[in-house]
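Chemist: Attaching a predicted model along with its sequence, questions to come.
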Amino acid sequence: METPLNVLLKDKGYAVESISPDVSVYDCAVKLSQLKCGALLVIKDGELAGIVSERDILRKIVARGEDPKKIHVDSIMTDKLVTVLPSTTVREAMRLITEKRVRHLPVLENGKLIGIISIGDLTRWAMLLQEQQISSLTNYIQGERSG
């Protein structure tokens, strides 16, 4: 669990899906659906400006009966982001996601966006680590019996 996030990023890739803040919420929803992802980072003038998720669309547009074609992403995005460094450990990232109640952590290096880690990425990594530990322990125990 002391693995730094840059190891996860190397494994999953550095690709980041994004959208412009002046795009309609409707077009954002279409893009989310096409990409089969739950959130997009909002990039303005090459800089990270926020994040918009399916939940934002549901809670701030659909539930209020607003027209998603008339509202832009910047009016519903979250602009106070919890970000991490590539050196942040998996354990620390899990703690942040739990404490801050977020599902995505943009990864910044020298102030520049280099990737994103999701709660799913962290869960997957934890499961792989557990499987490796179980396999190692099983091999150790079986080795003791055969020796």
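Modeler: Arrived safely. Numbering: from 1, shown residues only.

Chemist: mind listing the helices for the chain?
Modeler: Here the chain has its helices, by DSSP state H, at 5-12, 25-35, 54-57, 90-100, 119-146.

Chemist: and Thr123, how many neighbours?
Modeler: 12 (other Cβ atoms under 10 Å). (Glycine included, C-beta is placed from N, CA and C.)

Chemist: Look up how far Leu8 lies from it.
Modeler: In this view, Thr123 and Leu8 are 11 Å apart by Cβ to Cβ, to the nearest Å.

Chemist: One more: Gly38?
Modeler: Distance, Gly38 to Leu8, using Cβ to Cβ: 18 Å.

Chemist: More neighbours: the two, which one.
Modeler: Comparing Gly38 with Leu8 by other Cβ under 10 Å, the one with more neighbours is Leu8, at 20 against 14.

Chemist: what residues are up against the more buried one?
Modeler: Going by Cβ atoms under 8 Å, 6 or more residues apart in numbering, Leu8 touches 90, 117, 121-122, 125.

Chemist: Return the member of the helices of the chain having the minimum mean pLDDT.
Modeler: Taking each of the helices of the chain in turn, the lowest mean pLDDT turns up on helix 119-146, with a mean of 80.

Chemist: what helices or strands is that helix leaning on?
Modeler: Counting contacts by 3 or more Cβ pairs under 8 Å, 6 or more residues apart in numbering; DSSP states H and E, helix 119-146 packs against helix 5-12, helix 90-100.
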